[in-house]
Structure formats: structure tokens, C-alpha cells
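In: No sequence on hand, only this structure:
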């Protein structure tokens, strides 16, 4: 284990460890500790408050699965909001959908955007696209002030500690419902079922009380705790399991496929049990 | 990070780390380094040559997915062979199928069996069941000497280093074909697609040359590298994707479901590409 290693304790008693070639930038921003490092295995990596946010090597899984599942479920998404997601990966995926005229990104921490552009160009490269409106602002407040505006809202937040704690509340989901148009869809990352079963259950319960269609789907993100990540989807009208074949169009992906769009909702039994 | 921690470097530059409450047993057997430890997060854990083999907390994923996919694919499995698998987890799952009259386990290392019985009783508890025949022997040789004997063969091996290196060869798969009955099925664990893509591709190619039906499926095993594990299935006649609904019967599981039986074969694009 010679050299510099980074270890994220994903629980008190277990974690992931990676060899670091060099530190690219560290800063205590107004909201969180930001670290950008070059790893030997995963390429450049963004850490917030000591937690892995994204790496160049495996980022495609999370970003594709956040973006394409709701965007292919909606018949004609034109205006899309990303809350958080300052690294720009979800935005990059959204722009693969020609129907989208405007993608608004609201991240509370401008430093995440600034250093992602600098050190994660393959992820953040579309943040200056003319179809994108980047706002450094409080996503919770942005949602509270929006009404009947968005076709799809994606919550690409950190864990429910620090600046993201409001983004896991029932009030926030009610605000999202108000901010969505009458057939709108939202998706939020909701951590992993091995160590955050309570969180997933609570979010499922809260979202079900607001959205007639509530679903949970999963993807394998190797640098996130347990490698199995969940996404909670709430929809006013369109069911992700009933997308017609002709809705899909070809996009370049490394993880998402139209077959996986549906298979991602077929859950292992202990995960399925969290949705009841 | 106070106290004793175990770290498995899953590649040269990345790994998993776990807090250890105490060491239960360590021994250099005739074939490999065996360590049994009590972890704070995952319960008791078996290590072979420094690699995580199984933990009490997440073992159900691997053992259920090895056993139930081929056993529900076969219309009437009566005689089943497990190569490796001395911890007994696959055997425990096999016995949930009433059609199985005899399950033979052939592990080269009797010490794995001995210490699994002692320290992993919830996993190894069925090894003395009267439907089970435990043999401490070389699985490669056992296969070479068997002909038209088994309905299902499961290869629950370590990685292709050390004693398991022969179990990832085309000659071995040809032997398995010979050892199977005319409508037999086999499954083998084939590591992860993030770091062992070459291995998966080679095995797919080799198995395709021997078995008319060759498939790859996946499951989330958090304590294995990347959290995404693959299983290669070769079948002479029965397709796991065409199991009729009435073939399934209720068994108690925590991961496997009849819906997941099929969804596990729907692969992320970069994994699907390895099967072409």
C-alpha cells in the first residue's frame, strides 16, 4: 500500500480505498469540503465532504440512468431541471435528447461547477451548451418558486447530510410536484439498499403520497457504497414500465439500453420489499 | 480507522476495507491461505489467498443466483454437482428444490469445508444433509471422470489463480459438457466486467463453441470487486430466458425472484458487448 491512498468509510466499519496519483485541488467552499484528485484506477475524481461524487471511469452509469429513464418515459420532454449535479454529467446526457429545448441546472455550490469544468472536462463539457441555463442557487428555493414549469426534474444531490438535507423531505417532493407540468416526472438518487434501507422506505412512502406512479430502479455504480444504487421516480401520468417501443430512439450510451430501461425496475427481493 | 482493518486490493490501485473484530482462524492449507475473521459490518467472513470468498451478511446474493437460475431453467433437476463451494452456501440453496435427489459437492480443500462448518454455520449448515455427498477431491478430475451423469453442474470457484486455474479452461467446459446429461445445464462464476472484461469474453467464446445456448447474467455482490458479478451459463437444450411461468415454485429467498430470473440477463451495454 505504498504511496497516497484515499479511503472513504462508507459505513463506520467498511469502505473503499483508492490509490491517488496526485491532488488537483482542495477547498473548503461555502457549503462543503471539495477535493479533486487524480486516482490511479478511476481517473479524476470529485469528492464532497469526503464522499465520492463522481469518477471519470464509472460516471456514465449514474448519469445515464438518472437522465434517460425519465426522459424516455416522458413522451416529449422540452424543459428539464437538474437540482444539484454541478459536475454536468446529467446535463451531458439530457442533451442527447433532441426534444429538450432548455435544461436548467441549479447547484448551490458554484465551486463544484468551476472545478468540474477544469478537471472533469469529459463530464462537464456541455455546461456551456446554448440549450443549458446554469444557475448557482438553492435548488430547494428554486423548486419552491416554480409552478407548472418543467416536464422532468432530476435531483442529483449529495447524501442527506450537509447542504442536501432539505432535498430528502416530503415538502420538497410536494414542491417538485407543483413545479412539474400536469404530466411531469421526477427522479432522485436515493442511496443504496444495503445500508440506507430506512431512507429508501421513507422516500418511497413520501413520494407515494404525492405521485400516483412511484417506482424504484437500480444501477451498479462501483465507487458508491455497496455498488448498488437506487433511484426513486415519481410520475403524474406516464409509467416508466409502459413506454412503447417506438418512443425509444438511438442514443450513444455505455450502460443504458431500452431493454435495461425496464429491467432496472426488476428488484432483488430484499429491495422490492422496501417499496411495499 | 482505529483498530484492526482488513483491506483487499481488488486491483493494484483500488480495494475494499473492513473493520475486523477478531481473527477466528488462519491456516496455510495444502492449497491456499485460509483466513476466517469476524468483521464488524459483514458478519463472519472467509478469505482465501487474501480474497473475500463469502460473508454472512451478503452471501445470499451469490449463492441464490448460482443455484436457482439453472435449477429453475432445468425442468426436473435430480442430480446436481457443485465444483468448489466448500462453504456450503450453494448446497443450501440447491436443497430448496424438492426435485433434487442428490447434490454432490467436490471441493479440493477439505479445510474450507471444516472451517465453514465451524464458523459459518448459517451457510454450511446443510452440508450434512442426507441428500448431499461431500467429496474432498479435485473438481477438474471429477469432471474428467464423469459422463452423462448430472442434470446441472455449478462451478463455485475462486478466481483463476491458484487451485482454480484449470476451472477457466476450454478443456474444462468440454469436460462439463460430457459430464452433463443430454439436456444438462452448467453455470460458473466469471468475475466482474469492470476489471475482468477479457476473462468474461474468453469464457463466453469458449463456452459458445461447446454449448448451443450460452448466456451471461449478473448480480450485485457488495463485497466482490465492483459490486457487479457475472455468471456464465451454458445449456444443451433449455434456455433460461424461456422458462414457463408454471415451472417456478415458491422458495424462500432474499435476492432471487422469478422476475429477476429473466431480468438478470438484461445487461448494461458495456457488459452486453462482452458477449458478442
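Out: Received the coordinates, thanks. These numbers come from a predicted model, not from an experiment. Residues are numbered from 1 along each chain as shown, chains lettered A, B, ... in the order given.
In: Only C-alpha atoms from now on, for both contacts and neighbour counts.
Out: Noted.
In: Just after the strand or helix carrying residue A:72, pick out the following helix or strand.
Out: Using DSSP states H and E, residue A:72 sits in helix A:59-73. Downstream of helix A:59-73, the first helix or strand assigned by DSSP H and E is strand A:79-84.
In: That next one: what's the following helix or strand?
Out: Once strand A:79-84 ends, the next helix or strand along the chain (criterion: DSSP H and E) is helix A:89-94.
In: Please name every helix or strand in contact with that next one.
Out: Applying 3 or more C-alpha pairs under 8 Å, 6 or more residues apart in numbering or on different chains; DSSP states H and E, one finds that helix A:89-94 makes contact with helix A:59-73, strand A:102-107, helix A:121-124.
In: any idea of the mean pLDDT in it?
Out: The average pLDDT within helix A:89-94 is 98.
In: Just give me how far it sits from the chain centre.
Out: How far helix A:89-94 lies from its chain's middle: 10 Å, per C-alpha atoms, centre = their mean, to the nearest Å.
In: swap in stretch A:186-200?
Out: Mean-position distance between stretch A:186-200 and its chain equals 12 Å (C-alpha atoms, centre = their mean).
In: now what about that stretch, what contacts it?
Out: Stretch A:186-200 is contacted by residues A:11, A:66, A:70, A:152-157, A:159, A:176, A:203, A:225-226, A:228-235, A:271, A:274-275 when judged by C-alpha atoms under 8 Å, 6 or more residues apart in numbering or on different chains.
In: Okay, buried residues for it please.
Out: Of all the residues in stretch A:186-200, those buried under the rule 16 or more other C-alpha atoms under 10 Å in any protein chain shown are A:186, A:187, A:188, A:189, A:190, A:191, A:192, A:193, A:194, A:197, A:199, A:200.
In: Mind jotting down where the helices sit in chain A?
Out: Secondary structure of chain A by DSSP state H: the helices cover A:59-73, A:89-94, A:110-119, A:121-124, A:139-144, A:170-179, A:197-208, A:258-263, A:269-272.
In: taking the ones you listed together, which one is wrapped up most tightly?
Out: Neighbour counts (mean count of other C-alpha atoms under 10 Å in any protein chain shown) averaged over each of the helices of chain A peak at helix A:89-94, with a mean of 26.
In: give me the subset of the contacts of stretch A:186-200 touching chain B.
Out: Contacts with chain B within the contacts of stretch A:186-200, as defined by C-alpha under 8 Å from any C-alpha of the partner chain: A:226, A:228.
In: Can you tell me which of the contacts of stretch A:186-200 end up in strands?
Out: Within these, residues falling in strands by DSSP state E are A:11, A:152-156, A:228-235.
In: any idea which of those residues is the one closest to chain B?
Out: residue A:228 (6.5 Å; C-alpha to the nearest C-alpha).
In: can I assume the closest one is in contact with residue A:264?
Out: No: at 11.2 Å, residue A:228 and residue A:264 do not qualify as touching, with contact defined as C-alpha atoms under 8 Å.
In: list residues touching both of the two?
Out: Taking C-alpha under 8 Å, 6+ apart as the criterion, residue A:228 and residue A:264 both touch A:218, A:219.
In: Give me the number of neighbouring residues for the residue nearest to residue A:101 when sequence neighbours are not counted.
Out: Nearest residue to residue A:101, sequence neighbours excluded (C-alpha to C-alpha, 6 or more residues apart in numbering or on different chains): residue A:78, at 5.1 Å. For residue A:78, the neighbour count with other C-alpha atoms under 10 Å in any protein chain shown is 17.
In: Check what pLDDT residue A:78 gets.
Out: Residue A:78 carries a pLDDT value of 98.
In: Widest-spaced pair of the buried residues of stretch A:186-200?
Out: A:186 and A:194 (23.6 Å; C-alpha to C-alpha).
In: What parts of chain A come near chain B?
Out: With C-alpha under 8 Å from any C-alpha as the criterion, chain A meets chain B at residues A:13-19, A:40-41, A:220-223, A:226-228, A:253-257, A:259-260, A:263-264, A:266-270.
In: How about the contacts made by residue A:76?
Out: A:99, A:100 are the contacts of residue A:76 under C-alpha under 8 Å, 6+ apart.
In: tell me the contacts of residue A:29?
Out: The contact partners of residue A:29, by C-alpha under 8 Å, 6+ apart, come to A:109, A:111.
In: if I look at it, how far off is chain B?
Out: The gap separating residue A:29 from chain B is 26 Å, by C-alpha to the nearest C-alpha, to the nearest Å.
In: residue nearest the centroid of chain A?
Out: In chain A, the C-alpha nearest the mean C-alpha coordinate belongs to residue A:156, at 3.2 Å (C-alpha atoms, centre = their mean).
In: Would you mind naming the residues that bridge with that one?
Out: Listed by DSSP bridges, the beta-bridge partners for residue A:156 are residue A:84.
In: residue contacts, it?
Out: So residue A:156 contacts A:66, A:82, A:83, A:84, A:85, A:90, A:188, A:189 (C-alpha under 8 Å, 6+ apart).
In: Recalculate using a threshold of 7 Å.
Out: Contacts for residue A:156 were tallied using C-alpha atoms under 7 Å, 6 or more residues apart in numbering or on different chains; they are A:82, A:83, A:84, A:85, A:188, A:189.
In: so where's the longest strand in chain A?
Out: For chain A, the strand with the greatest residue count under DSSP E is strand A:14-28.
In: tell me what that one is packed against?
Out: In terms of contacts (3 or more C-alpha pairs under 7 Å, 6 or more residues apart in numbering or on different chains; DSSP states H and E), strand A:14-28 is packed against strand A:5-11, strand A:33-39, strand B:14-28.
In: do that again at 10 Å, thanks
Out: In terms of contacts (3 or more C-alpha pairs under 10 Å, 6 or more residues apart in numbering or on different chains; DSSP states H and E), strand A:14-28 is packed against strand A:5-11, strand A:33-39, strand A:44-48, helix A:110-119, strand B:4-11, strand B:14-28.
In: Please work out which of these is packed deepest.
Out: When the helices and strands packed on strand A:14-28 are compared using mean count of other C-alpha under 10 Å, strand A:44-48 is most buried, at a mean of 22.
In: when you compare where it runs with where helix A:59-73 runs, what's the angle?
Out: Inter-element angle recorded for strand A:44-48 and helix A:59-73: 70 degrees (by axes from the mean of the first three to the mean of the last three C-alpha atoms, to 10 degrees).
In: which residues are contacting strand A:44-48?
Out: A:8, A:20-29, A:31-39, A:52-57, A:59, A:87, A:112, A:115-116, A:119-121, A:158-159 (C-alpha atoms under 10 Å, 6 or more residues apart in numbering or on different chains).
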